[in-house]
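**Student:** For reference, the sequence and a predicted model appear below.
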Amino acid sequence: MNASLYNILLSDLLWVCIPVAFVVMIYVRWTADKATLFYALFRMLIQLVLIGYVLTYIFDARSPYLVIIILSVMLIAASVIAMRPLKKAEKSLYIHAFISILTGGLFTLMMVVFGVLDLNPWYEPRFLIPIAGMIFANSMNAVSIAAERFESEFGRGSSYIEARATSYKAALIPIINALFAVGLVSLPGMMTGQILSGVDPLIAVRYQMMVMLMILGSAGISVAIYLWLLSKES
């Protein structure tokens, strides 16, 4: 490979659509849901194209106000999406999700920005926005799993303590599995991207350690806060 990173042509992306096509066929056949997966794929494509242009503008502008706006939009979107699996999502639950992801995510983000990386300036968008995205997204997924499981457990008659324990454990399963698998089964995104860009693997490993720790910390705190807020309603 002569270049440090392969240039992916849009036409070449069609190859990876082949396994996706199998998934779509299986999903539609087994679930009888003909809309959700197509809608999700459509949104993914549109959102990624748009964010590509937006990030190009933000990286050039280097404005802390724009960065804060982007982070705010990410937090609100994460809070709304996190409640999607619930059968009955009341307004208060969206507020709980927002507070949870904001608290756990922002606390962890500050540790990374001001402690681990010591960014100068702190709002350096090329670092801050991707890192915040990873933190908020994983907190969102963990809160979403916890919310769905808590609704299910509490609905079938479990006590708050029992539902909380089951929900918290379930929410952290994907992250704990990732901790077990990293380096053996998978080379995650941050590490893979840096290695493909020509970074020393030992340096890439340190960044991946940071990513794994910040994901566990932000998700674990966010879920704990969400479940604690539910105790006020139970």
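**Tutor:** Thanks, I have the structure now.

**Student:** tell me which element Arg43 is part of?
**Tutor:** Taking DSSP states H and E as the criterion, Arg43 maps to helix 36-61.

**Student:** What segments of this protein are helices?
**Tutor:** Along the chain, the segments classed as helices by DSSP state H run 17-31, 36-61, 64-82, 91-110, 125-155, 160-181, 189-196, 201-231.

**Student:** Check the burial of Ala40 by counting its neighbours.
**Tutor:** The number of residues packed around Ala40, counting by other Cβ atoms under 10 Å, is 10. Using the backbone N, CA and C atoms, a C-beta is placed for each residue, glycine as well.

**Student:** quick one on the thing from earlier: for Asn7, which of the helices of the chain is the nearest?
**Tutor:** If you check each of the helices of the chain against Asn7 by Cβ to Cβ, helix 189-196 wins as the nearest, at 11.6 Å.

**Student:** average pLDDT for the closest one?
**Tutor:** Averaging pLDDT along helix 189-196 gives 72.

**Student:** Can you name every helix or strand that that helix contacts?
**Tutor:** Packing contacts for helix 189-196, counted by 3 or more Cβ pairs under 8 Å, 6 or more residues apart in numbering; DSSP states H and E, involve helix 201-231.

**Student:** List the buried residues for the helix it packs on?
**Tutor:** When neighbours are counted by 16 or more other Cβ atoms under 10 Å, the buried residues of helix 201-231 are found to be 204-205, 207-208, 210-212, 214-227, 229-230.

**Student:** Hmm, Leu230 is touching His96, no?
**Tutor:** Yes: Leu230 lies in contact with His96 (Cβ atoms under 8 Å); the separation is 6.8 Å.

**Student:** weakest of the helices of the chain by average pLDDT?
**Tutor:** When mean pLDDT is averaged over each of these, helix 189-196 scores lowest at a mean of 72.

**Student:** what's the offset of that helix from the middle of its chain?
**Tutor:** When distances are taken as Cα atoms, centre = their mean, to the nearest Å, helix 189-196 is centred 17 Å away from the chain's centroid.

**Student:** Noted, bye for now.
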